[in-house]
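**Q** Next comes the sequence, and after it the predicted model I'd like to discuss.
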Amino acid sequence: MTCLFLFQFLLVILLSSLASASDISELFETWCNQHAKTYSSHAEKLYRLNVFHDNYAFIVQHNRNPNSTYTLSLNAFADLTHHEFKASRLGLPSSLLSFKRFHRQPPNAHHLLHLPDEVDWRQSGAVTGVKDQGSCGACWAFSATGAIEGINKIVTGSLESLSEQELIDCDTSYNSGCDGGLMNYAYQFVISNRGIDTEEDYPYQARKRSCNKDKLKRHVVTIDDYVDLPPSEQELLKAVASQPVSVGICGSERAFQLYSKGIFTGPCSTALDHAVLIVGYGSENGVDYWIVKNSWGNSWGMNGYIHMLRNSGNSKGICGINTLASYPTKTKPNPPTPPPPGPVRCNLFTYCSEGETCCCARRFLGICFSWKCCGLTSAVCCKDRRHCCPQDYPICDTRKGQCLKRIANGTATIASESQGFSDKPRGWESH
C-alpha cells in the first residue's frame, strides 16, 4: 500500500468523525511522509501536531455541513496556523491598494454581443502549469505573468512560461518583491522594459535578489498596454471571455487555506490581500463559478485551482473578486528571440562560459597570468585562489568550507541549499 493511498484511506475514515489522539498522531505521521515534512526538533514536531489537530477539527466541522458547496482537506498547509499561513502566502499590501491606480478603460472590442455559456482557457492551451510562490509574497507577479502568458498565446500561438523572478528583482518603482505588489504596475514595468524574459532563462528563487541586468535585456514576450476594469461583474465576464484576467481577492480566510474542491462560497471579506488569475467560468447544478488559478502549488485545491462563486448578488463579488481586475493587451508579434549570451571574457586569450565568473589563479606584480572559472554568475573569488562564493554570500571561509554574509547585527549567516546556493565554496575549473 503506497503512502498516498494509505493517507487517502485514513483521511476518508477519520474525516467522517472526530478521531482519537492516537488516530491523529498516525494520520499526522502519514501526512508528514506524503508531504516530505521534517522538523528541527521534537518540540517543534509536537507543536505542529497540535496545529494539525486543530486544523483537522476545523475541517471535520466544516465538511459536516450538508449545505456547503465545497469541502476542505488536510492539504500541504495543514501544519500551519492561520496566522502563519496569512503571513507567508499573500501579497497585496493595503499600502499599495490605497495608491491611485493607473486607470485604463476597457476597449469596445470586449463589449461582445454574445458571451459563451462557459470558457476554459486551459483547453485552448493559453495557461501554463500551476506554479508555487513558496513563502514569498509575490502572488502579484504570478498573477501578472499568467495574464501575459495567456494573451501572448492567444495572439502569437506560442505559450511561454514567463519569469516572476524578473518582476520580483527588477520591478521596484512601486512593487516590493516578496513584500507585495500590484499587477498593473507589473504590466507597466514590462511595457517600459519592452518585454519580459522566460521562466527558464530567469528562474524563480522564492526571494528577492539583485536585478540581473543581462536577463533584463532579453525581451522574449512583449505587451502593448493594459486595462483596469471597473468593479463590474459583467465587464469582468466579458474580459474573461476574451482572455485570462488578473484579479485581487481576499485569500486569507481559514477555509481558503484548507480548500479542497467544490464551489467556494465564503464566507470571506472583500478586503483584498491576494492576487490570482481567472482562466474561465462555468456552471454546476445551476450555480455559476469562476475558474481561478492560484500560485500555491498543485497540492492545494483542485490541482492548484479553485472554483469561486459567480453572480453572488454582491456587487464586489465573492471575496472582492470584481474590484481589482486587470489584463494586458497585445496586438504586435514578439521581437526575434535574442541569441544566448556569449562566453565571459577574462583576458585577450581566456574565456569562461555563460553564467560563470573569471577568477585569477596566479598573479604577479598585479598582472594575472592564469585564470580559472567559477560556476556562478558575478561570484566572489576566494583568496585561496581555489574556490568562490555566490554574490549574496560573499565571505569566503575556506577553512570551514562555508560561504557567509553579514547581517544587520554583525553576525554571519551561511548560504543554504534551500536558498539555491551551496553552503560550501565552489571549486574552480581551469581554462
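**A** Yep, it's here.
**Q** List the residues that contact residue 183.
**A** Contact analysis of residue 183 by Cβ atoms under 8 Å, 6 or more residues apart in numbering lists 140, 143, 144, 147, 246, 248, 275, 326. (Each C-beta comes from the backbone N, C-alpha and C, glycine too.)
**Q** ok, 6 Å please
**A** By Cβ atoms under 6 Å, 6 or more residues apart in numbering, the contact list for residue 183 reads 140, 143, 144, 246, 326.
**Q** Please report the number of neighbouring residues for the closest residue to residue 39 other than its chain neighbours.
**A** Closest residue to residue 39 apart from its sequence neighbours, by Cβ to Cβ, 6 or more residues apart in numbering: residue 45 at 4.2 Å. Using other Cβ atoms under 10 Å, residue 45 has 16 other residues around it.
**Q** and residue 45, what helix or strand is that in?
**A** Secondary structure from DSSP states H and E places residue 45 in helix 42-63.
**Q** Please tell me I have it right and residue 135 contacts residue 88.
**A** Yes: in this structure, residue 135 is within contact of residue 88 by Cβ atoms under 6 Å, at 4.2 Å.
**Q** what about the helix holding residue 45, average pLDDT?
**A** Helix 42-63 comes out with an average pLDDT of 95.
**Q** ranges for the strands of the stretch 151-300 of the chain?
**A** Per DSSP state E, counting those that start in this stretch, the stretch 151-300 of the chain carries strands over the ranges 225-228, 245-249, 259-264, 274-284, 287-293.
**Q** wait, which of those strands is closest to residue 347?
**A** Nearest to residue 347 among the strands of the stretch 151-300 of the chain is strand 225-228 (46.1 Å), distances taken as Cβ to Cβ.
**Q** could you say what helices and strands the closest one packs with?
**A** On a contact count with 3 or more Cβ pairs under 6 Å, 6 or more residues apart in numbering; DSSP states H and E, strand 225-228 meets helix 183-193, strand 326-329.
**Q** mind listing what that strand pairs with, with the direction of each?
**A** strand 326-329 (antiparallel) (DSSP bridges).
**Q** The residue nearest to residue 39 and residue 32 touch, don't they?
**A** No: using Cβ under 6 Å as the test, residue 45 is too far from residue 32 to be in contact (8.4 Å).
**Q** coming back round to it: how far away is the residue nearest to residue 39 from residue 52?
**A** As judged by Cβ to Cβ, to the nearest Å, residue 45 and residue 52 stand 10 Å apart.
**Q** Residue 215 now?
**A** Look at residue 215 and residue 52: by Cβ to Cβ, they are 40 Å apart.
**Q** ok, now residue 172?
**A** Counting by Cβ to Cβ, the gap from residue 172 to residue 52 is 38 Å.
**Q** Of the two, give the one with the bigger neighbour count.
**A** Taking neighbours as other Cβ under 10 Å, residue 172 and residue 52 compare with residue 52 leading, 21 against 14.
**Q** give me every residue that touches the more buried one.
**A** Residue 52 is in contact with 28, 78, 79, counting by Cβ under 6 Å, 6+ apart.
**Q** hmm, 10 Å instead?
**A** 24, 25, 27, 28, 31, 32, 37, 74, 78, 79, 80 (Cβ atoms under 10 Å, 6 or more residues apart in numbering).
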